[in-house]
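[1] Attaching a predicted model along with its sequence, questions to come.
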Amino acid sequence: MKMINHLMIFVLLIFLVAAGSVSAQSAYTDVTPDDALKMMLENPELVIIDVSPMYTNGHLPNSVNHPVGDGSLDKGIPMLNKEATYLVYCHSDGPSISGAQKLVDAGFKNVYRLVGNYSAWVDAGYPVSQLMPYVEVSPQQALKMMLENPELVIIDVSPVYTNGHLPNSVNHPVGDGSLDKGIPTLKAHLTYLVYCHGDTPSIAGSQKLVDAGFKNVYRLVGNYSAWVDAGYPVEK
């Protein structure tokens, strides 16, 4: 009877060790923006995958776009080299976690995920690439622009301007047509920083300036809340 019990315990230990080994092999590694930058500098063959549908709004340099939500990543995985090292990110945790796990489940061994995703990368002040004609900047970069350029025009395209706004900003809400009416009165040669309380209005506002021929247009990533979270001053 004791021999049977010992045998069962031995088999159970083997099972647990094997399960632990499988679990270890099926995990991806979370890395900070600092770690990710180091990976990019040390490994020129690093494959950076943006699994977001907002790739054109801004992305890490040399990254490729395989959105996880529309099945693009699933279609792209068979064409990827399993021996390479991969860095996965998005604009939120859900898709980046899903994307990294999809690579792991497909047998990829060297998979990393950027903690904090795109916004953490931008907040760290690291460079981004863009396919749109305006430039996205972090609160830190926006503050630097304000300090270095006294002629910077800051446009709040939100209808809740009176609740709080960036210092010296002007209000041209995009939703009620105010920005459309105001654009002809603005000087196209100046530099503009656009923000709101949500991405959609600030993106639309920035694009309206670009479409009107403005060359130096910037959009505050994270909008008003990111500015406040950074501890920078506001006016009410």
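    Perfect, I can see it now.

[2] ok, so what distance separates Ser96 from Leu73?
    Distance, Ser96 to Leu73, by CB to CB, to the nearest Å: 11 Å. To be clear about C-beta, it is placed using only N, CA and C from the backbone, and glycine gets the same treatment.

[3] Please, where are all the helices along the protein?
    2-25, 33-42, 72-76, 93-105, 117-123, 139-148, 178-182, 199-211, 223-229 (DSSP state H).

[4] dump the residue contacts of the nearest residue to Pro173 once chain neighbours are set aside.
    Take Pro173 and drop its neighbours on the chain: the residue closest to it by CB to CB, 6 or more residues apart in numbering is Pro159, 4.8 Å away. Residues in contact with Pro159 (CB atoms under 8 Å, 6 or more residues apart in numbering) are Pro173, Gly175, Asp176.

[5] Per-residue pLDDT of the residue nearest to Thr162 when sequence neighbours are not counted, please?
    Distances taken as CB to CB, 6+ apart put Lys236 closest to Thr162, at 7.3 Å, once the chain neighbours are dropped. We have a pLDDT of 88 for Lys236.

[6] Repeat that for Ile4.
    pLDDT, Ile4: 49.

[7] again with Val17
    45.

[8] what's the answer for Ser206, then?
    Ser206 carries a pLDDT value of 93.

[9] neighbours around it, how many?
    29 (other CB atoms under 10 Å).

[10] Quick one: residues contacting it.
    Contacts of Ser206 (CB under 8 Å, 6+ apart): Tyr134, Val194, Val217, Tyr218, Arg219.

[11] can we see that at 6 Å?
    The contact partners of Ser206, by CB atoms under 6 Å, 6 or more residues apart in numbering, come to Tyr134, Val194, Val217, Arg219.

[12] Restricted to strands, list those residues.
    Val194, Val217, Arg219 (DSSP state E).

[13] Please report how far the second one lies from Val194.
    In this case it means Val217. Remark: distance between Val217 and Val194 (CB to CB) = 7 Å.

[14] okay, those two: which has more neighbours?
    Val194 (28 against 22).

[15] Report the beta-bridge partner residues of the more buried one.
    Judged by DSSP bridges, the bridge partners of Val194 are Ile155, Arg219.

[16] Show me how the record splits this structure into domains.
    For the chain, the domain assignment from automatic domain parsing gives the residue ranges 27-123, 135-229.

[17] out of those domains, which comes closest to Ser129?
    Each of the domains of the chain was scored for nearness to Ser129 using CB to CB, and the closest is domain 27-123 (5.0 Å).

[18] Give me the mean pLDDT for the closest one.
    pLDDT averaged over domain 27-123 gives 94.
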